[in-house]
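**Student:** I would like to see how this sequence folds:
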Amino acid sequence: METTEAIVGAVTGPPTAARTLLLGRYDTTSLFQYTGRTTVLPQAAGRTVAGLLTPAGAGHPWTGWSFSAGWGSRQTLDVAPVRPELVVEVGVARDGAGRWRHPARWHRPRPDLSPADVTLFDSPG
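**Tutor:** All right, here's what the predicted structure looks like:
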């Protein structure tokens, strides 16, 4: 498992205590691409992250998207989009093509980084 950064684009759970984070990265054309979801956050981490997020306004890059609750499931997640501003550090396992194989494991928020500091979606890392 390697450590990497991603940008929070949406959350599941109540606005005051995020349950999971839906993560993304910008690509070389400046589109915000979905990269994966975290495992369920510890309660304290969910409250901490929630305090660092801003609800999304109109025009969020993922407006109209639906997210699957899991592999092979027809159930969709109830998500709350947030402004893609908060960078977080997560642990990920990758497949041979570099895609995340499993949900990312939460490590910590990185308010010291901006989305521009995160490796682009099309780049390794």
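**Student:** Which strands and helices lie in contact with the longest strand seen in the chain?
**Tutor:** Counting residues, the longest strand found in the chain (DSSP state E) is strand 2-12. Judged by 3 or more C-beta pairs under 8 Å, 6 or more residues apart in numbering; DSSP states H and E, strand 2-12 is in contact with strand 20-26, strand 32-37, helix 43-50, strand 79-81, strand 87-92. Where C-beta positions appear, they are placed from N, C-alpha and C, glycine not excepted.
**Student:** Now the shortest one: buried residues?
**Tutor:** In this case it means strand 79-81. Val79, Ala80, Pro81 (16 or more other C-beta atoms under 10 Å).
**Student:** What of stretch 100-114?
**Tutor:** Buried residues in stretch 100-114 (16+ other C-beta under 10 Å): Trp100, Pro103, Ala104, Trp106, Pro109, Arg110.
**Student:** And for stretch 54-63?
**Tutor:** Ala56, His60, Pro61, Trp62.
**Student:** residues in contact with the nearest residue to Asp78 once chain neighbours are set aside?
**Tutor:** Closest residue to Asp78 apart from its sequence neighbours, by C-beta to C-beta, 6 or more residues apart in numbering: Thr12 at 6.5 Å. The contact partners of Thr12, by C-beta atoms under 8 Å, 6 or more residues apart in numbering, come to Ala18, Arg19, Thr20, Leu22, Leu77, Asp78, Val79, Ala80.
**Student:** Counting neighbours, which of those comes out on top?
**Tutor:** Ala18 (28 neighbours; other C-beta atoms under 10 Å).
**Student:** these two touch, right, that one and Pro55?
**Tutor:** No. Ala18 lies out of contact with Pro55 (C-beta atoms under 8 Å); the separation is 11.9 Å.
**Student:** Output the buried residues of stretch 100-114 in JSON lines; the columns should cover distance to Ser66 and pLDDT.
**Tutor:** Shown next, in JSON lines, are the buried residues of stretch 100-114 (distance: C-beta to C-beta, whole Å; pLDDT from 0 to 100):
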{"residue": "Trp100", "distance to Ser66": "19", "pLDDT": "76"}
{"residue": "Pro103", "distance to Ser66": "18", "pLDDT": "89"}
{"residue": "Ala104", "distance to Ser66": "20", "pLDDT": "92"}
{"residue": "Trp106", "distance to Ser66": "23", "pLDDT": "96"}
{"residue": "Pro109", "distance to Ser66": "26", "pLDDT": "97"}
{"residue": "Arg110", "distance to Ser66": "28", "pLDDT": "97"}
